[in-house]
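Chemist: turn this into a structure:
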Amino acid sequence: MRIHTDSFAITVVVCSIIVASVEAWSPASLFRLGRQQHLIKRPFPTRAQMAPQQRQSSSTARFAKVEEIENRESHTDIPSEAPSFVRREEQEFNYAEEELLSSASASSEEGSKNLKVPQIHLPPRISNPNVGWQHHHRATTQFVHGHISRRMKANDDPTKLLVSNADEWKILEEHKEEMEETHLRDLLQDSERSGAMYAEHDGVYLDFSRQRATLETLDLLEDLAEKQELTKKVKAMMSGEKINFTEKRAVLHTALRADRTEEVFVDGQNVIEEVHEVLDQIKAFTEGVRSGSIRGYTGKRLRNIISVGIGGSYLGPEFLHEVLKTEPEGINSALGYSLRFLANVDPVDVERTCADLDPEETLIVIVSKTFTTAETMLNARTMRQWLWDFMGNDKEVVRKHIVACASTSATEKVKEFGIDTDKYFFRFWDWVGGRYSVCSAAGALPISLLYGFNLFEKFLKGAQSIDKHFATAPFHKNIPMLMGMLGIWNHSFLNYKTRTTLPYAEALLKLPSHIQQLDMESNGKIMTKFGVEANYNVGEIDFGEPGTNGQHSFFQLLHMGQTVPCDFIGFCQSQHDLCLDGESFSSHDELMANFFAQPDALANGKTADEVRGEGIAEEDIPHRVFKGNRPSMSLLLPKLTAYAAGQLLAIYEHRTAVQGFIWDINSFDQWGVELGKKLAIDVKDHLLQARKSDDHVIEASNPASSRILNYYVDQSRDDHVCRDPSNVNSLTRVTRKTHTDHSRLPPPVQHDLGGNGGRL
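Modeler: I've put the predicted structure just below:
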């Protein structure tokens, strides 16, 4: 019985020690106990403090770090103060521990009074729990504080926050070295690779097999996208979060083509409702103009539309106008109407735009978000005076012939201009950037006036299709994401500084210009959201031309000069195909033969042996060799329609956003255009002073500017149209060429053209 009692007592003591030790091994308990032992206090880091510096690392690396700390012989405690809820749990643990030890002592007290417990050799961490506590406290606190201190150092040096410091970026840099040893000529022979490098959605077919990339490259690019939380950022954009962090605005061009039943809130307001209110207003107004129920000042029908705007207010709508101009439904819808764009402040653009138009049948659409854009407002005032010259300066002339597309914040300025803000004002919002505004009233109004609202609605549906695909498709099948990430691969890693858009469709002749502004104004910056400059390539130089015109313009450089990644855009069917008598090959097939041949020529090139085999003289062979290995991708769509144009627009809008998200830049501001505007105002002041006196000498900010400004004033002084202030009509003399070609009586010599200070 004594033996059993002794064994029982020993068992109880050992179990008590093991239970206490196991509890002590809990990281939370060790962490709390270690903090309790120190008098020096430090604030516990909050999630908000740690979040900006968090970086992903593999689980293997983290466990390796822990093992390294555990194996160290010497340690230095880093004390800190736990929050109150940790201290409460710590006290509860102490009470539980006391009860456990007390119970174990009582149960064994009587049987062990006269017992001499044999010595059991246990490891120090078990036999003495304090050693285990201290050891694991040191390991845990050193790991946690080391993690935090690295993030704090990143705050001291913001460049550490750049994406180029991420492991995923560095792995891609190493992978780039591997790709230097490959050639597209060989990569294209890999059937597994070529069979996987395409994506398709709703008729849009993207072939990117001629990119200098492998399936491994795509996986690594996907890792980078995950590191940068690309999907999360896309969701934030589409849900109305204010991701335009320099202007504190949402970015919601996708809301402009969303279904009426959707909901997106900005500052408590469902913007989808507002969007469809404006679309309904545009539909009613444009149908009224086209039906003849809304007429001009003299009672004539409004058949000519002049859209006055610049930048995104002009390039996007003009791109769509050129597409629909030769689209069969567009041709029929536009019969009897015309649409022209006035963008350049050059007075010659005014002359070209207004030539042969009847002002009594002309409706002016002024597109300016703020209604302060200098070039647009000067052209707007010119158009107003043109109308006044022919119909008198009655305020109703403006109210019947001029409408405005502007932000709600510009309502008062629109009213001051003389426009009827109740019926002729079509608003859009500060969360719509100019270059993203073609789906807003800026594009909807002029396009619907010419082609009808129903055709514009098809354009919106095409863009919406890509929006949904962009938000839901997995990375390897997501067309905008793939195009954006491959663009980053080409620019930031392979160091290709330019990119070209090559639509093999004449109706897309204005698409390269629109993409040029969309991409270069969005991503043409080097300042990141961390307030430090990017130390990697950001923002390509974009240009382009329709094929096959471009082949006879700059393809020499594409094939044998610097490497320029290319986007080829083609269509299975033409808007208008031709097949001449006696020929079996259509004009569209001729065009598309070039579309398919050029990417292969760029990728494969032509070797010296191939040139030699053609019998070329040896001294000429180096001049005939094509190195190849020049990347491109091909977009193939069924037919160029309003719907397809919407798809293309959204693809390139989202490609731009993807690259900005990965580069950590703000793709939705454009501060770079502001400095030139400010300096232009200063120059205008100098010129005004010089025009007042023949003796005035301009002294600009530097001698070079002073010299060229004075030369300009001297050479233009005699012919300056504003020299005689009594000639009130001098500025509009170029606009008097109308469809009647001067057959009408000229406008009166004297007018009260004071605008708001006159009859208005």
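
Chemist: which strand or helix spans the residue most central in space within the chain?
Modeler: The geometric centre of the chain, computed from its C-alpha atoms, lies nearest to residue 657 (CA atoms, centre = their mean), at 2.4 Å. Assessed by DSSP states H and E, residue 657 sits inside helix 642-663.

Chemist: for the stretch 151-300 of the chain, which segments count as helices?
Modeler: 167-179, 184-187, 191-196, 215-227, 230-238, 271-291 (DSSP state H, counting those that start in this stretch).

Chemist: nearest to residue 619, out of those helices?
Modeler: Relative to residue 619, the nearest member of the helices of the stretch 151-300 of the chain by CB to CB is helix 184-187, separated by 25.3 Å. (Each C-beta comes from the backbone N, C-alpha and C, glycine too.)

Chemist: so how far is that closest one from its chain's centroid?
Modeler: Relative to its chain's centre, helix 184-187 lies at 32 Å (CA atoms, centre = their mean, to the nearest Å).

Chemist: export it as PDB, just CAs?
Modeler: Written as PDB, here are the backbone C-alpha positions of helix 184-187 (Å, rounded to 0.1, in the frame of the first residue of the first chain):
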ATOM      1  CA  LEU A 184      10.100  33.600 -79.500                       C
ATOM      2  CA  ARG A 185      11.000  31.500 -82.500                       C
ATOM      3  CA  ASP A 186      11.500  28.600 -80.100                       C
ATOM      4  CA  LEU A 187       8.700  29.400 -77.600                       C
END
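
Chemist: so residue 603 is in contact with residue 210, correct?
Modeler: Yes: counting by CB atoms under 8 Å, residue 603 touches residue 210, with 4.6 Å between them.

Chemist: looking at those two, which one has more neighbours?
Modeler: It is residue 210, of residue 603 and residue 210, that has more neighbours when counted by other CB atoms under 10 Å, with 25 against 21.

Chemist: you'd agree the more buried one is up against residue 633?
Modeler: Yes: using CB under 8 Å, residue 210 makes contact with residue 633 at a distance of 6.7 Å.

Chemist: which strands and helices lie in contact with the helix or strand that the helix holding residue 657 is followed by?
Modeler: Using DSSP H and E, the next helix or strand after helix 642-663 towards the C-terminus is helix 674-692. Using 3 or more CB pairs under 8 Å, 6 or more residues apart in numbering; DSSP states H and E, the elements in contact with helix 674-692 are helix 703-716.

Chemist: now residue 478: phi and psi?
Modeler: Per-residue torsions, residue 478: phi -90, psi 110 (degrees, to the nearest 10).

Chemist: coming back round to it: how far does the helix holding residue 657 sit from the chain's center?
Modeler: Computed by CA atoms, centre = their mean, the chain-centroid distance of helix 642-663 equals 8 Å.

Chemist: pull the CA atoms of it into CSV?
Modeler: What follows is helix 642-663, C-alpha atoms only, in CSV (Å, rounded to 0.1, in the frame of the first residue of the first chain):
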residue,chain,number,x,y,z
ALA,A,642,-21.3,49.7,-81.2
TYR,A,643,-21.2,46.8,-78.8
ALA,A,644,-17.7,45.8,-79.8
ALA,A,645,-16.5,49.4,-79.5
GLY,A,646,-17.8,49.4,-75.9
GLN,A,647,-15.9,46.2,-75.2
LEU,A,648,-12.6,47.6,-76.6
LEU,A,649,-13.1,50.8,-74.6
ALA,A,650,-13.5,48.9,-71.3
ILE,A,651,-10.6,46.6,-72.0
TYR,A,652,-8.2,49.4,-72.4
GLU,A,653,-9.6,51.4,-69.5
HIS,A,654,-9.1,48.4,-67.2
ARG,A,655,-5.7,47.6,-68.5
THR,A,656,-4.6,51.1,-67.5
ALA,A,657,-6.1,50.7,-64.0
VAL,A,658,-4.4,47.3,-63.5
GLN,A,659,-1.0,48.8,-64.2
GLY,A,660,-1.5,51.7,-61.9
PHE,A,661,-2.7,49.4,-59.1
ILE,A,662,0.4,47.2,-59.4
TRP,A,663,2.8,50.2,-59.7
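
Chemist: summarise which helices and strands it is packed against.
Modeler: helix 230-238, helix 312-325, helix 453-472, helix 479-488, helix 511-523, strand 632-639.

Chemist: for residue 578, find the nearest of these.
Modeler: strand 632-639 (15.5 Å).

Chemist: what's in contact with that closest one?
Modeler: Applying CB atoms under 8 Å, 6 or more residues apart in numbering, the contact partners of strand 632-639 are 203-208, 210-211, 483, 486, 565-575, 595, 598-599, 602-603, 644, 647-648, 651.

Chemist: likewise for stretch 707-717?
Modeler: Contacts to stretch 707-717, defined as CB under 8 Å, 6+ apart, come from residues 683, 686, 687, 690, 691, 694, 697, 698, 700, 723.

Chemist: just the buried positions in it, please.
Modeler: For stretch 707-717, burial by neighbour count (16 or more other CB atoms under 10 Å) applies to 709, 710, 713.

Chemist: now do stretch 330-340, average pLDDT.
Modeler: Across stretch 330-340, the average pLDDT comes to 96.

Chemist: show me the shaky parts of this protein.
Modeler: 1-155, 719-760 (pLDDT under 70).

Chemist: number of residues surrounding residue 262?
Modeler: Neighbour count of residue 262, defined by other CB under 10 Å: 16.

Chemist: the nearest residue to it once chain neighbours are set aside: how many residues sit nearby?
Modeler: Once flanking residues are discounted, residue 262 sits nearest to residue 272: 5.1 Å by CB to CB, 6 or more residues apart in numbering. Using other CB under 10 Å, residue 272 is surrounded by 20 other residues.

Chemist: hmm, residue 272 is touching residue 257, no?
Modeler: No: Residue 272 is beyond contact range of residue 257, at 10.3 Å (criterion: CB under 8 Å).

Chemist: what's near enough to touch residue 323?
Modeler: Contacts of residue 323 by CB under 8 Å, 6+ apart are 330, 507, 508, 640, 642, 645.

Chemist: report the separation between it and residue 558.
Modeler: According to CB to CB, to the nearest Å, residue 323 and residue 558 sit 25 Å apart.

Chemist: ok, residue 448 next?
Modeler: When distance is defined by CB to CB, residue 448 is 38 Å away from residue 558.

Chemist: between those two, which is the more surrounded one?
Modeler: Taking neighbours as other CB under 10 Å, residue 448 and residue 558 compare with residue 448 leading, 25 against 22.

Chemist: verify the stated contact: the more buried one with residue 288.
Modeler: No: the pair residue 448 / residue 288 is not scored as a contact, 11.2 Å apart, by CB under 8 Å.
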